[in-house]
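Asker: Fold the following.
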Amino acid sequence: MLKSFGMAVLLWLMLWMAVPIQAQTPAPEHTAAPVEESPMETLFSGMDFTSGGYGAMHFGGTQANGETVAIAGMRGGWLINHTFLLGLGGSSTSTPFNGDPDPLGVKKPLNFSYGGILMEWIAGWDRAWHPVFGVLMGSGTASTTPNEHCGMNSCTYTLPETDSVNVLEGSARLDANMFRYFRAGLGLSYRKVWGLKFPYLKPGALNGAMVEIFLTFGKF
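Answerer: Okay, the predicted model is just below:
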């Protein structure tokens, strides 16, 4: 009986070893979803940015030493977002004006020109009519006109006398969108000049208002 019991135990062990052991598959690991960075808030993100530019011719009239004279000039620069221009501008009298009398009582004809950094702000640029406001800061030169004296066999030239000044000009004008790349406008401005030490002009003689027509070409 003991031998039969031993045979039964041996047979059971053999059957148990013959049964394939099922491998336990490990549970799938749960990978964490990538953490997205929160977007950084910036002052200028999402802002539309456009870049253009224009150049303008302008001409009209102004006051210089109490006289009405013609003046003309050009201006232009980089236009940002249709509304702000950063550039350069300059103007010059196109007809001479008289200075104060010299010790001999002679009034010398004079010229005046100036230029500098220009900033303009355009309100309602996409409307047919819109205002434009500007500031020009720079320097200028007042000068006598060169004279030519010719005799029988030769000519002599008198070099102009000059004086440098500082200029600040504020302007406002009304522009009209004539075509896509062309505007026309009418402007008013006032020019403040200081640092004048010219013997033919008193301080403040070059201060004055201007009325001008503007013809502007560019990408607006």
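
Asker: what's the least confident helix or strand in the protein, going by average pLDDT?
Answerer: For the chain, counting by mean pLDDT, DSSP states H and E, helix 2-18 ranks last in confidence among helices and strands (a mean of 52).

Asker: Next, name the residue at the spatial heart of the protein.
Answerer: Using CA atoms, centre = their mean, the residue of the chain that lies closest to the mean C-alpha position is L86, 2.0 Å off.

Asker: need the contact list for the nearest residue to L118 once chain neighbours are set aside.
Answerer: Counting by CB to CB, 6 or more residues apart in numbering, G89 is the residue found nearest to L118 once chain neighbours are left out, at 3.9 Å. From N, CA and C alone the C-beta is placed, and that goes for glycine too. If you count contacts by CB atoms under 8 Å, 6 or more residues apart in numbering, G89 has them with G73, M74, R75, G76, G115, G116, L118, G134, L136.

Asker: Turn the buried ones among these into a named PyMOL selection, would you?
Answerer: Applying 16 or more other CB atoms under 10 Å to those leaves a buried subset, and the PyMOL line that selects it is:
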select buried, resi 73+75+76+115+116+118+134+136
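
Asker: how close does the residue lying closest to G76 once chain neighbours are set aside sit to F220?
Answerer: Spatial nearest neighbour of G76, chain neighbours left out: G55 (3.4 Å); criterion: CB to CB, 6+ apart. Separation of G55 from F220 (CB to CB, to the nearest Å) stands at 12 Å.

Asker: More neighbours: those two, which one.
Answerer: Ranked by neighbour count (other CB atoms under 10 Å), G55 and F220 place F220 first, with 20 against 13.

Asker: Just the element for the residue lying closest to the more buried one once chain neighbours are set aside, please.
Answerer: Among residues not flanking F220 along the chain, G52 sits closest, at 5.9 Å (CB to CB, 6+ apart). Secondary structure from DSSP states H and E places G52 in strand 51-64.

Asker: ok, then the element right after that strand?
Answerer: Sequence order places strand 67-80 as the next helix or strand after strand 51-64, per DSSP H and E.

Asker: Quick check: the residue nearest to the centre of the chain touching R75?
Answerer: No: between L86 and R75 there is no contact under CB atoms under 8 Å: 11.4 Å.

Asker: what touches both of those two?
Answerer: With CB under 8 Å, 6+ apart, L86 and R75 have common neighbours L118.

Asker: chain center to the longest strand seen in the chain: distance?
Answerer: As assigned by DSSP state E, the longest strand anywhere in the chain is strand 162-179. Put simply, strand 162-179 sits 15 Å off its chain's centre (CA atoms, centre = their mean, to the nearest Å).
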